[in-house]
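1. Okay, predicted coordinates and the sequence, questions at the end:
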Amino acid sequence: MTTSDSLSPLGDDLLDRIRSRAPGHDLANTFPADDLAELAACGYLRSLVPIEFGGLGRSLRDVARDQVRLAAHAPATALAVNMHLVWTGVARTLHDRGDTSLSFLLHEAGTGEILGFGVSEPGNDLVLTGSTTDARPEANGGYSFTGTKIFTSLSPVWTKLGTMGLDTTSPDGPKIVWAFLDRADPGISRTDDWDTLGMRASQSQSTVLDGAVAGADRVFRRLDPGPNRDPLVFAIFANFEILLAAVYSGIGRRAVELAVQSAQRRTSLRHNGRSLALDPDIRWRVAEAAILMDGIYPQIDALATDVDTLADHGPQWFALLSGLKHRATETARQTVDQAIRVTGGSSYFTGSELGRLYRDVLAGLFHPSDAESVHATVAAAWLGPLDD
């Protein structure tokens with residue numbers, strides 16, 4: 001294993017500065033370049049990169065804990081950074097299992113490259129197992145990619161983009177081709193289309209690929225379409241679902257804090273000016289919010305630790321990971337709802353932090369795996385696949 005027990009690079013002062021900037025970036029719909037610069041400077045973007053590649057060598061469990069903390073201060077910043085962390089986590093997960101196919105990525109991340117995640121496509125509910133992007137083989141062993149990628153977090157700043165497309169022309173095809181593109185490569189553009197209800201500062205704009213070429217040395221997988229037990233698929237799924245669960249759990253954690261503050265601050269004329277923290281109904285709602293969140297943190301820890309220690313859950317892995325993401329995002333949404341009810345009408349105003357969390361937490365509905373996919377995966381794990 002290549003992990004370190006080093007302390008988190010996220011100091012309280014840094015997190016306070018990031019929190020102070022979050023409302024402005026949300027209001028102006030701007031990317032938090034100042035947050036990213038500070039996170040890069042403290043080494044946070046190199047957290048999952050092994051020490052021998054120039055990183056901090058921290059465990060997935062500890063970085064997931066950090067993402068909970070970061071998201072509690074600025075959810076959109078945490079979500080944007082998440083996609084860089086996912087790729088470094090994927091490369092590290094493969095490296096720990098003896099697969100060196102993404103060692104080049106660990107080197108690059110260790111020297112400051114910023115990694116984008118260009119996978120999601122409009123209308124593609126197959127996610128990792130299919131693609132609407134055309135991957136055309138080049139004479140030198142590379143591939144050109146043509147298609148549109150959506151929800152590309154870090155759109156304004158990524159320097160290397162991990163993407164995939166479908167090769168239907170090679171003799172052994174069809175194959176899903178995975179490769180990394182360089183921002184300076186021709187045929188890559190982004191669409192300024194990120195004007196959303198929440199998670200606005202993530203600036204997860206669409207990316208248009210028009211014959212963008214990845215050289216042979218940047219192509220790292222050719223896989224059969226459909227369900228695949230290749231270690232890359234596991235590595236992406238594990239890091240994506242665990243770190244995503246951490247981000248939304250950070251929103252839930254902050255919602256509990258704000259509910260407590262509100263209950264302690266507000267008073268009731270009906271009860272002769274007594275604090276709402278003494279009202280039985282308010283106490284029940286705060287307690288319900290805290291109970292909801294308490295069950296999520298140990299599950300994130302446990303599954304992240306299992307990835308770190310190379311535990312083998314066999315075919316149950318995908319059910320466990322998708323179940324975690326679903327439970328975390330749904331729990332965070334329910335928790336924010338309780339906090340809104342505790343806080344009352346003030347949370348309905350634009351400047352309310354809790355109102356912003358309410359908008360941000362809804363984005364959890366749209367990340368893979370969605371509720372339908374999760375339940376199908378878990379049902380198959382326990383009941384077996386449906387007959388054709």
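-> Arrived safely. The shown structure was predicted, so the numbers you read here are calculated from the model rather than taken from an experiment.
2. Show me where this structure dips below the pLDDT cut-off.
-> Filtered on pLDDT under 70, the chain yields the residue ranges 1-6, 388.
3. Residue 297 sits in which helix or strand?
-> Counting by DSSP states H and E, the element that carries residue 297 is helix 296-308.
4. Check what contacts that helix and list those residues.
-> Residues outside helix 296-308 that contact it (C-beta atoms under 8 Å, 6 or more residues apart in numbering) are 1, 3, 59-61, 64-65, 68, 93, 96, 238-239, 242, 245-246, 249, 252, 311, 313, 320-321, 324, 327-328, 331. Placement of C-beta: from N, CA and C, glycine included.
5. Generate a PyMOL selection restricted to the buried subset of those.
-> Entered in PyMOL, the line below selects the buried ones among those, by 16 or more other C-beta atoms under 10 Å:
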select buried, resi 3+59+60+61+64+65+68+93+96+238+239+242+245+246+249+252+320+321+324+327+328+331
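6. In helices, which of the contacts of helix 296-308 appear?
-> Among those, the members found in helices (DSSP state H) are 60-61, 64-65, 68, 93, 96, 238-239, 242, 245-246, 249, 252, 320-321, 324, 327-328, 331.
7. would you say residue 40 is within a helix?
-> Yes - Residue 40 forms part of a helix when assessed by DSSP: H, G, I helix; E, B strand; the rest coil.
8. so who does it touch?
-> Residue 40 makes contact with 112, 114 under the criterion C-beta under 8 Å, 6+ apart.
9. gap between the residue of the chain most remote from its centre and residue 263?
-> Relative to the centre of the chain, and counting by C-alpha atoms, centre = their mean, the farthest-placed residue is residue 272 at 46.4 Å. Going from residue 272 to residue 263 by C-beta to C-beta, to the nearest Å gives 17 Å.
10. same thing with residue 275?
-> Per C-beta to C-beta, residue 275 is found 7 Å from residue 263.
11. Then residue 252?
-> For residue 252, the distance to residue 263 (C-beta to C-beta) stands at 17 Å.
12. start to end distance for stretch 53-68?
-> Start-to-end span of stretch 53-68 (C-alpha to C-alpha, to the nearest Å) is 25 Å.
13. who's in contact with residue 331?
-> Residue 331 neighbours (C-beta under 8 Å, 6+ apart): 249, 252, 292-293, 295-296.
14. what's the answer for residue 49, then?
-> For residue 49, the contact set (C-beta under 8 Å, 6+ apart) comprises 55-57, 88, 91-92, 106, 109-110.
15. SS state for the closest residue to it other than its chain neighbours?
-> Closest residue in space to residue 49, ignoring its immediate chain neighbours: residue 55 at 2.4 Å, by C-beta to C-beta, 6 or more residues apart in numbering. Following three-state DSSP, the label given to residue 55 is coil.
16. Could you report the neighbour count for residue 55?
-> Neighbour count for residue 55, taken as other C-beta atoms under 10 Å: 22.
17. Now it: phi and psi?
-> In terms of degrees, to the nearest 10, the main-chain angles of residue 55 are phi -100, psi -170.
18. That one reaches residue 105, doesn't it?
-> No - between residue 55 and residue 105 there is no contact under C-beta atoms under 8 Å: 11.4 Å.
19. Return every residue with contacts to both of these two.
-> Residues touching both residue 55 and residue 105 by C-beta under 8 Å, 6+ apart: residue 88.
20. Name whatever forms a beta bridge with the nearest residue to residue 173 once chain neighbours are set aside.
-> In space, and not counting its chain neighbours, residue 173 is closest to residue 167: 5.0 Å by C-beta to C-beta, 6+ apart. Note on residue 167: beta-bridge partners by DSSP bridges are residue 175.
21. Now do residue 167 against residue 254, distance only.
-> Plainly put, residue 167 is 44 Å away from residue 254 if you go by C-beta to C-beta.
22. Please say which of those two ends up with more neighbours.
-> In this view residue 167 and residue 254 are compared by other C-beta under 10 Å, and residue 254 has more residues nearby, 26 against 19.
23. Can you verify the more buried one is assigned to a helix?
-> Yes - residue state for residue 254 (three-state DSSP) corresponds to a helix.
24. give the contact list for the closest residue to it other than its chain neighbours.
-> Excluding the flanking residues, the one nearest residue 254 by C-beta to C-beta, 6+ apart is residue 72, at 4.1 Å. Residue 72 sits next to 250-251, 253-254, 257 when contact means C-beta under 8 Å, 6+ apart.
25. What's the local residue count around residue 348?
-> Applying other C-beta under 10 Å, we find 12 residues neighbouring residue 348.
26. Please name the spatially closest residue to it (chain neighbours excluded).
-> Excluding the flanking residues, the one nearest residue 348 by C-beta to C-beta, 6+ apart is residue 355, at 6.2 Å.
27. if we can go back for a sec, what's the helix or strand for the residue nearest to residue 254?
-> For residue 72, the element it lies in under DSSP H and E is helix 60-73.
28. before we move on, what about residue 338?
-> helix 317-343.
29. What secondary structure category should be reported for the nearest residue to residue 216 once chain neighbours are set aside?
-> In space, and not counting its chain neighbours, residue 216 is closest to residue 141: 3.3 Å by C-beta to C-beta, 6+ apart. Look at residue 141: counting by three-state DSSP, its state is coil.
30. right, and residue 141 touches residue 219 too?
-> Yes - assessed by C-beta under 8 Å, residue 141 is found in contact with residue 219 at 7.2 Å.
31. Between the two, which has more neighbouring residues?
-> More crowded of residue 141 and residue 219, by other C-beta under 10 Å: residue 219, with 19 against 10.
32. show me the contacts for the residue nearest to that one when sequence neighbours are not counted.
-> Spatial nearest neighbour of residue 219, excluding adjacent residues (C-beta to C-beta, 6+ apart): residue 179 at 4.4 Å. Contact analysis of residue 179 by C-beta under 8 Å, 6+ apart lists 142-143, 145, 162-164, 214, 218-220.
33. residues in contact with the residue nearest the centre of the chain?
-> Central residue of the chain (C-alpha atoms, centre = their mean): residue 244, 3.7 Å from the mean position. Residues counted as contacts of residue 244 (C-beta under 8 Å, 6+ apart) are 82, 325, 328-329, 364, 367.
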